[in-house]
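Trainee: Got a predicted model here, sequence first, then my questions.
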Number of protein chains: 4
Amino acid sequence: MFCESSKELAHFVSEARAFTNQGKVADYIPALGKANPHDLSIAIKYPDGRYVSAGDVKKKFTLQSISKVISLALVLSDHGPDYVFDKVGMEPTGDPFNSIAKLENMVPAKPLNPMINAGALVVTHMIEGKSVDARFQRLLAFIHDLTNDYTIDYCEQTAQSEYETADLNRALSYFLKQHGQIDEPVEHLIQLYTKQCAIEMNCLQLARIAMVFAQDGKDHETGKQIISKDIARICKTFMVTCGMYNASGEFAIKIGIPAKSGVSGGIMGAVPGKFGIGIFGPALDDKGNSIAGLKLLELLSKNYSLSMF
Amino acid sequence: MFCESSKELAHFVSEARAFTNQGKVADYIPALGKANPHDLSIAIKYPDGRYVSAGDVKKKFTLQSISKVISLALVLSDHGPDYVFDKVGMEPTGDPFNSIAKLENMVPAKPLNPMINAGALVVTHMIEGKSVDARFQRLLAFIHDLTNDYTIDYCEQTAQSEYETADLNRALSYFLKQHGQIDEPVEHLIQLYTKQCAIEMNCLQLARIAMVFAQDGKDHETGKQIISKDIARICKTFMVTCGMYNASGEFAIKIGIPAKSGVSGGIMGAVPGKFGIGIFGPALDDKGNSIAGLKLLELLSKNYSLSMF
Amino acid sequence: MFCESSKELAHFVSEARAFTNQGKVADYIPALGKANPHDLSIAIKYPDGRYVSAGDVKKKFTLQSISKVISLALVLSDHGPDYVFDKVGMEPTGDPFNSIAKLENMVPAKPLNPMINAGALVVTHMIEGKSVDARFQRLLAFIHDLTNDYTIDYCEQTAQSEYETADLNRALSYFLKQHGQIDEPVEHLIQLYTKQCAIEMNCLQLARIAMVFAQDGKDHETGKQIISKDIARICKTFMVTCGMYNASGEFAIKIGIPAKSGVSGGIMGAVPGKFGIGIFGPALDDKGNSIAGLKLLELLSKNYSLSMF
Amino acid sequence: MFCESSKELAHFVSEARAFTNQGKVADYIPALGKANPHDLSIAIKYPDGRYVSAGDVKKKFTLQSISKVISLALVLSDHGPDYVFDKVGMEPTGDPFNSIAKLENMVPAKPLNPMINAGALVVTHMIEGKSVDARFQRLLAFIHDLTNDYTIDYCEQTAQSEYETADLNRALSYFLKQHGQIDEPVEHLIQLYTKQCAIEMNCLQLARIAMVFAQDGKDHETGKQIISKDIARICKTFMVTCGMYNASGEFAIKIGIPAKSGVSGGIMGAVPGKFGIGIFGPALDDKGNSIAGLKLLELLSKNYSLSMF
C-alpha cells in the first residue's frame, strides 16, 4: 500500500527540501520571482476522499504550464480529439518548450504537441465563448468542477505581470496567425492565456484535479464523470511523453508517473487508478521543473513502486 | 480477459490486413525490398507458456530497429544506467530517427535517446568483447536467453546488403567519433550494428522476448530473471516515449502499449504485467511503422482496453 | 563604353520581357497582387545628369525591401557603423529573408545582417524622431535628398495592406523585443516599417538613388555629398553579399553588380564609379526577385562587362 | 599608388604583428599546432614581376582552405560552370564551414557553396584522373602553372595528421554519398582532400597565384592565360561572398578585397586588376582567420583604398 500517514510524507518532504538550495525561483516573470525558494508542500488525494499531506499546504501558487493539461481536457471535451489534433500534434520534441524554430521547418506550421507553448496557445485559442472573459469563466468553471471548489480564481497581479512580459508568446502567436493556425486578435489570446496561467490554488486542490485524471476522469467523492475516460487517458499520455519540459524522458524513466509541471514550481501527478498528487516547490532546476518536487516524487516512486512501466 | 483463441485473433488480422494496400515495403535496404507487402502475422505469448497466434507465424523477418531495445537491455545489464546514460540521453525528439542536425546543435554531441540511430550506434558501441564477432556472439547469446531458442541467428544477406548501404550510419558514426563519443574503428561498429539489425526470427519468438519485458524481465516458464526489473522498466519506458519513430506520441495516445518497431515491418509490444506481442507486417506507413501492424494493435487495444494510461 | 541610347536599351528590355511569363507577381501582400506581370521598365542615370531608359518609366512601384538599403544608410549616418553593427550583423545567411529560426540559435539574438527582415526591423527601429510620423518624415526627407525630388511619398493603400498582413514581421519584432533588441511598442515599429516599404517612386527616381551609391555617396549634378563615402561603400557591400535574397550568391557570380531587389519587382543597381540603374518588373521568380529584371541585368552585365569581379 | 617599397610594408607588418598575442594557432590538426604564433609575413606580386614583401617570406605553410579556390578553378576549367553548379551551390551561408545540419534540411542535399567543407569535398570529388595519385598530380600541376614554380609539393606529415583526424570530413562525405552527391570510396576522397589541404608554399608563391586571379586568369610575366577570365571572376566572387569563413561579410565591409583564408594562417588576396597578396600568420581569431593577417589587410586597404566597393 501507499503512504497512509502525513507523518511518513513529512519525512520525505524534509529529505527533499534539502535540494531547494540547488535550484532557483523563476524570475523571467517578475511576479514569480517573489516566491520563497525553500517552500515545499505536497498533498495526496485518494478517491475515497482522504488527504495525506505535508508542508505548508495552504500556500497558493499559480498553475502556469500545469494549466496546459486542463485547457487541453476542456477543448478535447468540447471539440473531440479529431478536431483538436488536426490543429496540434501528438509528438514529443527535443526542442525547448518555447521554441519557434521547429515551427518554421514544419509544413504546415502545426505545433508538435499541446504541452509546448505554441501548442498550448493553439489549445487555448480553441476555448469557446463570446469574449475573452466568457472564455476564461468557462475554463474557471471547469476547474471548479475538477476541484469541487468554487472559490478558485486567478491572481490578477501575476496575470498582469505575465501579460506585460509575454513577448515570446506574442511572437509565437503572430507566427501561428501568419500560418492560419490562429484567427483571433493576438492580444485577446495573450490575455486569455496569461489569465489561464495565473489561476491560483494550493497543493490540496491540485491533488484533487490530479485524482480525477488518475481515476479515469471520475470524481468518486461526488460520483461525477467530469472528463471522459478517453480524454483523461489522452491527457495522462501527454503528461508522460511531454509533461516535464525537456526532462520528460528522464522523468518517465526514473519516476514513471504521468505528471505536469509549471514554472511556479507546481507539479501535478496522476498515478493511474490510484491517486492524485499536488506539489508546490518554487525552486526550479535548469529545465524549469521544481527541483525538490522532482526529488520528492523520486523518493515516493522508489519507496512505493509507483512507476507505471 | 484478453484474447484467448487464435480464431478471435485471426478475425482482427483479417480486418487489419486490408490496410497493407496503403503501405509499402522498405526499399532503401535492398534485401528488405523483397518482402511480400500483404504478409501479416501476430503471436501473443502468455507467461504461463501459452501462445495465441494468427497469420503465417513461421515467416522470418529481421529485427532492424527492434534490436535497439535488446542491445540497450544488454549494455544496461553490463554497465549500469549511470554509465550508459552518461553517453546517450533519455529524451524523446521530434526529429527523424536518422537525423544528424540535432547532434550538431548539442554540446556535447550526445544523442538524445537510444532509439534514434545515433543513440543506438553509441549503445552498440558499448557491447563488450574482444572482436566484432565476439561482441556479436554475446548479443546473440542474450537473444537466445530471451527467446529460449538457441537456433536464432542473423541473415547474412540482409546484413551484407545493409552494410553496403549504411552510409548514413557511417556519417553518424564519424560525427560521433569526431566528438569522442565512439572510439573504435567505424567499420567495426557498422559491421556489428548491421549484423545486430539483421538478426532474424519469427513473431512467436519476438512475442517471447516481449513477454520477458512485460513480466519485469523474468521468464516465468523457465523461472529465469533474464533482465533486472529496473532495466526492463527502463526499456519499456523508452518504448513508450520513442519506440515508434516519429509516431511514438500518437501511438502512445491511441494504443498505449510499450512497443518498438523496425523497418522490416516487425513490432514488439510488451503489455506490462500481462503478455508479449510479436507482429510482422512488412508494408510500412510513411513514418516507417508496419501499417497493418499498427491497425492490428489499435484493434486489440480498443477491444481489450490494453492502454496503460 | 556603356549603353548610350535608349533604343539600344529597349532592345534588351524586349528580350528580357519574354521571361515575365515564367514569373508571377507577389500576392501575399494584397496590394501588390494587382500589378501587371508583363510590365518591365529600366532607367540608367549617369553622374552628368543624362538618363537612358526604356519601357513605361513613369510607372510607380513601392520600394519594399529596396528601402532596407536606404534606411541602413540613414541610421549609419546618424549613429555610425560601430553603434549599428553592435545591434545587427554583417554576415550573409543561407536562410530565408523572413526566417526566425536562426535568431533562436544565436546568442545574443542579433540578426545576421540588415537585409533580412529581422535585421531591417532593427535598423528601422534606430531611425530617430519623436513620433512614428516624425521618424517617417525623416526617412522621406532623406529620400527627397537622394532623388532630388520632393514629391515622393508613400502609397497609403499598400502601407495599410501590408500593415494588416504583417504578422510574420510582428512575430520577428516580438521575438527581438523579448531579447532586448527592440524597446519600442511593436505596433509603432510595424507602422513605421510598413510605411517605409510602401514608399513609392518610378525607375527614373530609383536610378538616381542608385547613382548616388555608385558615386560614393555624392550627387554630381547638385554637388552634394549626401552619404559619406564610407557608408556608401558599406551599403554596396551588403548589396553584393545579401541584396538579392537567397539568390545573392548566384547574382554576384553571374551579374556582379551591387543590387537590391524588392517583392514589388523593383531592383536598384549601383555600378561602382559609373552609374545607377532602376528597374521595375513585378513578375517574380521563386526567390522573390524580378524575373525579367534579373534577365535584363544579366544581358547588360554580359554585353558591357559590368561585373565588378 | 600602392605600396612600392618593402620598407613601407615592414612598417605595417610590425603594427599588425602585435595582434598575434590575441590569437592562437589551430590545434585540432596536430601538425598545425607546432606553428610559431608570432610569425607574420606578406608578399605582394605585381603583374610586371616585381615583389614587395616583409617578414620571413621564405617560411612555408600549408594551404588548407585556400586550396578550395584553386580546386574550384580546376574543376570549373575541366567541367564548366553548369556542370559544377549543378552539384554545389553559389550561396553564402551563416552556418559554420563544417556544418552538416544545413545539408540535412536541403532537398537535394546540395552544399550551399564550394567554400564550406561539404562543397569543397564535392569539388575535389570532381577532380579527374585514374587514381587518387593521378588526380592529386593533376591538381599539383595546375598549381605549378599558377606559381610558375615546379618544386611545390605537399607536406606528407601534415597530410597524414589531417587524414588521421578527418572524421568530420568523413561524416560529411558519407552523408553526401548517402544522398548521391559523391560516388567514389570516401577514403579515396579523404586522401585526395587531405593532400590538397597539405600543399605547401610560402607567401611569395601564394601572392603569385593571387596575382593570376587578380589579372583575370592571366600571368603577365609568362603571358599565359592559365584560367579563363570567366572562371577567375567566379572564383573572386566566392572569395568575396564566402572566402573568410563566418567573417566574410565583415571582411567585405571593412576590407573589401577578394580573399580566401586557411586555418594554417594563410590568406590569399586578389585585388582585381591590380596585384596579388600572400600572407602567412598562423595565430587565428575565433572565426579561424589569421588575426594579424586580417589586421594587416585592414591597414593596407585603409591606407591605399583597396576596397572594391
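Mentor: Arrived safely. Residues are numbered from 1 along each chain as shown, chains lettered A, B, ... in the order given.
Trainee: can you pull the contacts of the closest residue to residue A:95 other than its chain neighbours?
Mentor: With sequence-adjacent residues excluded and distances taken as C-beta to C-beta, 6 or more residues apart in numbering or on different chains, residue A:95 is closest to residue A:102, at 5.0 Å. All C-beta spots, glycine's among them, are computed from the backbone N, C-alpha and C. Residues in contact with residue A:102 (C-beta atoms under 8 Å, 6 or more residues apart in numbering or on different chains) are A:93, A:95, A:112, B:94.
Trainee: what's the distance between the strand or helix carrying residue A:102 and the middle of its chain?
Mentor: Secondary structure from DSSP states H and E places residue A:102 in helix A:101-105. Taking C-alpha atoms, centre = their mean, to the nearest Å, one finds helix A:101-105 lying 24 Å from the centre of the chain it belongs to.
Trainee: Show the average pLDDT along it.
Mentor: Across helix A:101-105, the average pLDDT comes to 72.
Trainee: Beyond it, next helix or strand please.
Mentor: Immediately after helix A:101-105, counting by DSSP H and E, sits helix A:117-125.
Trainee: Show me the contact partners of that next one.
Mentor: Residues from elsewhere that reach helix A:117-125, judged by C-beta under 8 Å, 6+ apart: A:65, A:68, A:71-72, A:75, A:84, A:87-89, A:97-100, A:103, A:111-114, A:168-169, A:172-173, A:175-176, A:181-182, A:184, A:189, A:192-193, A:196.
Trainee: quick one: buried residues of that helix?
Mentor: Buried residues in helix A:117-125, counting neighbours by 16 or more other C-beta atoms under 10 Å in any protein chain shown, are found at A:117-125.
Trainee: how about that helix as CSV, C-alpha atoms only?
Mentor: Extracted C-alpha coordinates of helix A:117-125, given in CSV (Å, rounded to 0.1, in the frame of the first residue of the first chain):
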residue,chain,number,x,y,z
ASN,A,117,3.9,26.9,-25.7
ALA,A,118,3.0,27.0,-29.4
GLY,A,119,0.7,24.1,-28.9
ALA,A,120,-0.8,25.4,-25.7
LEU,A,121,-1.6,28.7,-27.4
VAL,A,122,-3.5,26.9,-30.1
VAL,A,123,-5.4,24.9,-27.5
THR,A,124,-6.3,28.0,-25.5
HIS,A,125,-7.4,29.6,-28.8
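Trainee: Which helix or strand lies directly C-terminal to it?
Mentor: The helix or strand immediately downstream of helix A:117-125 is helix A:132-147, counting by DSSP H and E.
Trainee: With only the CA atoms kept, save that next one in CSV.
Mentor: Extracted in CSV, the C-alpha atoms of helix A:132-147 (Å, rounded to 0.1, in the frame of the first residue of the first chain):
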residue,chain,number,x,y,z
VAL,A,132,-12.1,36.7,-23.5
ASP,A,133,-13.9,37.0,-20.2
ALA,A,134,-16.6,34.4,-21.1
ARG,A,135,-13.9,32.0,-22.3
PHE,A,136,-11.9,32.4,-19.1
GLN,A,137,-15.0,31.9,-17.0
ARG,A,138,-15.7,28.7,-18.9
LEU,A,139,-12.2,27.4,-18.1
LEU,A,140,-12.6,28.5,-14.5
ALA,A,141,-15.9,26.7,-14.2
PHE,A,142,-14.2,23.6,-15.5
ILE,A,143,-11.6,23.9,-12.8
HIS,A,144,-14.3,24.5,-10.1
ASP,A,145,-15.8,21.2,-11.2
LEU,A,146,-12.4,19.4,-11.1
THR,A,147,-11.6,20.7,-7.6
